[in-house]
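S.K.: dropping the sequence and predicted coords here.
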Amino acid sequence: THIQETTILAGVVVRKDGHIVTIAEPVVGAKSIYVRTSAGLEYPATLVGVDEETGLAVVKVNAPLEAITLAADEEALVGALVAAVGNSYGMAGSVSFGTLSGSDRTIESGKKRYAGLLQYTATVNPGDAGGLISNIKGECIGIIFSSMENRQTGGVPGIGGIGFAVPAGTVRFVADGLIG
């Protein structure tokens, strides 16, 4: 009997040539990677590279896609309204709202330490990791990294109801380095 394990997560298109940034852990070592767009089109993807320090990965599909604008880090204002967009429980395009409640946060997950993260209050669920945190202009200010909601679903143990994102400036730097 063959059992296929599937992990659902989100990603952010950073280049119109099909480069997508997401969370590294689920895609590293995956036998196959598929990307389903918001339009419902599905493409096979290849892993371009992984950044161990940030926990981000870049995958690529061979299709033109609409890329989002990565905001300047100065656009991530503490106290501002933000939207979290992901694939909550596999439901594509799920959106929740909250505030950007902190910046330059450090968390520990397992044996790794992640620094320079944004903290937000928008609700995130399994499937949202790799999705985007946007400002009211619709620009990406960060990539959803983790929440402190539930240890069993990949969150960091501790206080519930807050999430963490890799800032857009870091996403841009990592993507440019991995893509070349």
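M.R.: Cool, the structure landed.
S.K.: tell me how far Gly11 lies from Val85.
M.R.: 11 Å (CB to CB, to the nearest Å). Just so you know, the C-beta spots here come from the backbone N, C-alpha and C atoms, and that holds for glycine as well.
S.K.: oh, that last question was meant for Ala165, not what I typed.
M.R.: Counting by CB to CB - Ala165 and Val85 are separated by 11 Å.
S.K.: these two: who's more crowded?
M.R.: Comparing Ala165 with Val85 by other CB atoms under 10 Å, the one with more neighbours is Ala165, at 30 against 24.
S.K.: so what pairs up with the closest residue to the more buried one other than its chain neighbours in the strands?
M.R.: Take Ala165 and drop its neighbours on the chain: the residue closest to it by CB to CB, 6 or more residues apart in numbering is Gly142, 3.1 Å away. Beta-bridge pairing of Gly142 under DSSP bridges involves Ile133, Pro167.
S.K.: mind listing the helices for the protein?
M.R.: Assigned by DSSP state H, the helices in the chain fall at 24-27, 168-179.
S.K.: how about Ala71, what does it touch?
M.R.: Shown in contact with Ala71 (CB atoms under 8 Å, 6 or more residues apart in numbering): Asn135, Lys137, Glu139, Cys140, Ile141, Ala168.
S.K.: list the buried residues for the lengthiest strand in the chain?
M.R.: Ordering each strand of the chain by length in residues (DSSP state E) puts strand 94-109 first. Within strand 94-109, the residues that qualify as buried by neighbour count (16 or more other CB atoms under 10 Å) are Ser94, Ser96, Gly98, Leu100, Ser101, Ser103, Ile107, Ser109.
S.K.: distance check, Gly29 against Arg105.
M.R.: From Gly29 to Arg105 the distance is 28 Å (CB to CB).
S.K.: who does Gly86 bridge with?
M.R.: Under the criterion used (DSSP bridges), Gly86 bridges to Ser94.
S.K.: thought Ala10 was touching it, still the case?
M.R.: Yes: counting by CB atoms under 8 Å, Gly86 does reach Ala10; the two are 4.0 Å apart.
S.K.: which of those two has more neighbours?
M.R.: Between Gly86 and Ala10, Gly86 has the larger neighbour count (other CB under 10 Å), namely 28 against 24.
S.K.: dump the residue contacts of the more buried one.
M.R.: Leu9, Ala10, Ser94, Val124, Asn125, Gly127, Asp128, Ala129, Gly130, Gly131, Leu132, Ile144.
S.K.: how close does it sit to Asp176?
M.R.: Taking CB to CB, one finds Gly86 at 23 Å from Asp176.
S.K.: same check on Val14?
M.R.: Val14 is 9 Å from Asp176, by CB to CB.
S.K.: compare these two (neighbour count), which wins?
M.R.: Val14 (25 against 12).
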